[in-house]
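In: Output the structure for:
(chains A and B)
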Amino acid sequence: MTPEELASAIQGQVAAAVQAGVLPQSCMATQVSVERPKNREHGDWATNIAMVLAKSAAKPPREVAQDLTTRLLTIPEITKAEIAGPGFINITLDSAATGLIAISIIQSGSNYGKSNQLNGETINVEFISANPTGPLHLGHTRWAAVGDAMARVLAAAGGKVSREFYINDRGVQMQKFAASIHAAATGLPVPEDGYLGEYITDLANQIKAKAPNFESLTPEDQLSICLEQGYALQLAIQQESLIEFGTVFDTWYSEAKMHADNKVVHALEVLEKHGHVDRKDGAIWLRTTDFGDDKDRVLVKSDGEYTYFASDCAYYIDKRERGFDRCFYLLGADHHGYVNRLRAVAACAGDNPDKSIEVLIGQLVKIMRGDQEVKLSKRAGDLILLTDLVAEVGVDAARYSLIRYPVDTPLTLDLDLLVSRTNDNPVYYVQYAHARISALLRTASELGHDWQNGNLEFDPGLLVTESEAILLGKLAGYPRIVGSAAELREPHRVARYLEDLANSYHKFYDACRVLPAATEELTSLNVARLHVCAATRIVISNGLDLLGVSAPQRM
RNA sequence: GCCCCCAUAGCUCAGGGGAUAGAGCAUCGGUUUCCUAAACCGUGUGCGCAGGUUCGAAUCCUGCUGGGGGCACCA
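Out: This is a model prediction of the structure:
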């Protein structure tokens, strides 16, 4: 029996109580919530329904609980229902009812945990969106991991998700980038505010190697080759490192192409049509203060140039016209000032920002090397790159350690720690549980035990020990973890859950012998426990998949 | 000045209004003739301060203190 089934069974008993006149009609509307009690002695599940209903029933919670308890005991799967504390009802299920979850997980396989909670909503998840003027650093890496996990979680909850990377390939930064490469290629001094770092020299060398006549070109032609080639090379480097990292975008969206396609002009027309555009001081403004921004924003400067903000507007409007119900922006804390203006843009375009825009602010990643904080500065070339992190700790550990914390808390990674003690990383703990089960199932098969289709049937009633009951309860809770991770936009919940699940599995493994000893025959108890193991492996594998972390067969 | 985020064990952090607030690391000790010991078991004076909301607050609200970040016709 899953918690959802239990909740609806309780709902049914509430209805019966209303029918019997014990509870007023108003109690029907109340949502029943079922939770796992922290303390195992309180049973398998607990509900606070009596306390919630107490007010509308105009009775003390314990009295409501008393009546419901009697009714709940008529449900065959419930062996015990007790009132506790202020009015909790603690419920113990028949061990067979608890154990059946294993079968249901095995049948669902990779679909276990998926739902249609988001009801096919089309969601655009935009993240990283780094300038193509340098490699991706650790700040981007947090989003590369979390943004992708977010997309996976939303998809598992029934969203139609598209991952998108916005390329800021237009504007002053690109010019500086080209000038910096050009300087490196020709031995000129680095321009003011230019980019530093070895990668600039590398790019310059690659460009010169591809264009043997480079030296003989005019400086203007050289510069334009540097821009074009430097951009292409650097973008390819970003794309490759993300693929290696396991983050694959559906769309790489070029700002320059958006301009070339006249999308910005179109966006201005849309905004104008909705009546929030002003002209003053020779510039064109969007009256974002109509919708809570603290000042109006310039779309077109008095010199006729579009602002970056104009691109933001056009990009948003284009996303909506491409059919996305909801646009996620995953931004660093240094961009939190954008939230109000993005929402105002949506409102100026005639949308309800509460529906169409969702901005998640990720606090910055602080990096320690021992006691020393490593300062990041792309211009100065002092970087911790995505590729560096992966080289040091591997994709799985890197992704996992970035995902397992909520994004709204600053994250401190100690590189020395991550490097020197990789075995202590929780990801290994979870992966080990998966590898351990894989080994066990492998052994079962090598010994010729046919536990799935053999003579012995799965008997869930044999799973009676404490560690089995705890493990089964955790397995039953997985779908709601995925659901809450999606609803709250907090993929880290999946990671925390997996650690908890792995812990329950290791304890189970320690307490319960799964396979028969070498000389003995397979028993029904072995079969039942093999089902539990198989179900656990499925859940770990499904959960790790949501994080983009591998589930190894061997370690 | 205005805005956002944060404050929980020695350290890094979990904890969607519920019962005795939890992990990992670190410390010290224990467990394997038996399926993977990357495991398991034991070892703890902790929710920054003050109010409020209610049957009940680490959780929600207000104020304060302390830390991080942000405020351009920049990108």
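
In: all contacts plus neighbour counts: C-alpha atoms, from now on.
Out: OK.

In: number of nearby residues for whichever residue of chain A sits closest to RNA strand B?
Out: Nearest to RNA strand B in chain A, going by C-alpha to the nearest atom of the strand, is A:S484, at a distance of 2.7 Å. By other C-alpha atoms under 10 Å, the residues close to A:S484 number 18.

In: Please name the nearest non-neighbouring residue to the residue most central in space within chain A.
Out: When C-alpha atoms, centre = their mean is applied to chain A, the residue found nearest the centroid is A:M150 (2.4 Å). Counting by C-alpha to C-alpha, 6 or more residues apart in numbering, A:P491 is the residue found nearest to A:M150 once chain neighbours are left out, at 5.7 Å.

In: Quick one: name the residues of the stretch 251-400 of chain A near RNA strand B.
Out: Applying C-alpha under 7 Å from any atom of the strand, we find that the stretch 251-400 of chain A lies next to RNA strand B at A:280-283, A:297-298, A:301-303, A:307-309, A:333-337, A:361, A:363.

In: how about 6 Å then?
Out: A:281-283, A:298, A:301-302, A:307-308, A:333-337 (C-alpha under 6 Å from any atom of the strand).

In: thinking again about what came up before, residues in contact with the residue nearest to A:M150?
Out: A:146, A:149-150, A:153, A:403-404, A:406, A:485, A:547 (C-alpha atoms under 8 Å, 6 or more residues apart in numbering).

In: 10 Å instead, please
Out: A:146-154, A:403-407, A:481-482, A:484-485, A:546-547 (C-alpha atoms under 10 Å, 6 or more residues apart in numbering).

In: and the closest residue in space to A:A155 that isn't next to it in sequence, which of the three is it?
Out: Computed as C-alpha to C-alpha, 6+ apart, the closest residue to A:A155 that is not its neighbour in sequence is A:V161, at 5.8 Å. Here A:V161 is recorded as strand under DSSP: H, G, I helix; E, B strand; the rest coil.

In: Report how many residues lie close to A:V161.
Out: Neighbour tally, A:V161, other C-alpha under 10 Å: 22.

In: List the contacts of it.
Out: Per C-alpha under 10 Å, 6+ apart, neighbours of A:V161: A:120-125, A:150-155, A:250, A:324, A:326.

In: Can you say which of the contacts of A:P491 are buried?
Out: A:146-154, A:403-407, A:481-482, A:484-485, A:546-547 (16 or more other C-alpha atoms under 10 Å).

In: taking the residues you listed one by one, which sit in strands?
Out: Within these, membership in strands is found for no residue, as judged by DSSP state E.

In: List, one by one, the residues from the stretch 401-550 of chain A near RNA strand B.
Out: So far as C-alpha under 6 Å from any atom of the strand goes, the stretch 401-550 of chain A lies against RNA strand B at A:405-406, A:408-412, A:423-424, A:428-429, A:432, A:435-436, A:439-440, A:443, A:484-485, A:496, A:503, A:506-507, A:509-510, A:512-515.

In: Which of these fall within strands?
Out: A:411-412.

In: Whichever of the residues of the stretch 401-550 of chain A next to RNA strand B end up buried, select them in ChimeraX.
Out: Typed into ChimeraX, the next command selects the buried ones out of these (criterion: 16+ other C-alpha under 10 Å):
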select /A:405,406,411,428,429,432,435,436,440,484,485,496,503,506,509,514,515
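
In: if we can go back for a sec, quick one: which of the contacts of A:V161 is nearest to A:V532?
Out: Of all the contacts of A:V161, A:V153 has the smallest distance to A:V532: 24.5 Å, by C-alpha to C-alpha.

In: Pretty sure the closest one sits against A:E487.
Out: Yes: the criterion here is C-alpha atoms under 10 Å, and A:V153 meets it with A:E487 at 9.3 Å.

In: what helices or strands is the helix or strand where A:A535 lies leaning on?
Out: Assigned by DSSP states H and E, A:A535 falls within helix A:524-547. The contact analysis (3 or more C-alpha pairs under 10 Å, 6 or more residues apart in numbering; DSSP states H and E) places helix A:524-547 against helix A:95-108, helix A:138-156, helix A:386-403, helix A:426-446, helix A:466-488, helix A:492-511.

In: of all those helices, which gets the most neighbours per residue?
Out: Neighbour counts (mean count of other C-alpha atoms under 10 Å) averaged over each of these peak at helix A:138-156, with a mean of 25.

In: Now do that helix against helix A:386-403, angle only.
Out: 50 degrees (axes from the mean of the first three to the mean of the last three C-alpha atoms, to 10 degrees).

In: what's the offset of helix A:138-156 from the middle of its chain?
Out: Using C-alpha atoms, centre = their mean, to the nearest Å, the mean C-alpha position of helix A:138-156 is found 5 Å from that of the whole chain.

In: Do the longest helix belonging to chain A and RNA strand B come into contact?
Out: Longest helix in chain A, counting residues (DSSP state H): helix A:219-245. No: residues of helix A:219-245 contacting RNA strand B under C-alpha under 6 Å from any atom of the strand: none, with a closest distance of 13.6 Å.

In: Past the helix or strand A:E358 falls within, which element shows up next along the chain?
Out: Under the criterion of DSSP H and E, A:E358 resides in strand A:357-362. Using DSSP H and E, the helix or strand that follows strand A:357-362 in sequence is strand A:365-369.

In: Describe which strands that next one pairs with in its sheet and in which direction.
Out: Using DSSP bridges, the strands paired with strand A:365-369 in its sheet are strand A:372-374 (antiparallel), strand A:411-414 (parallel).
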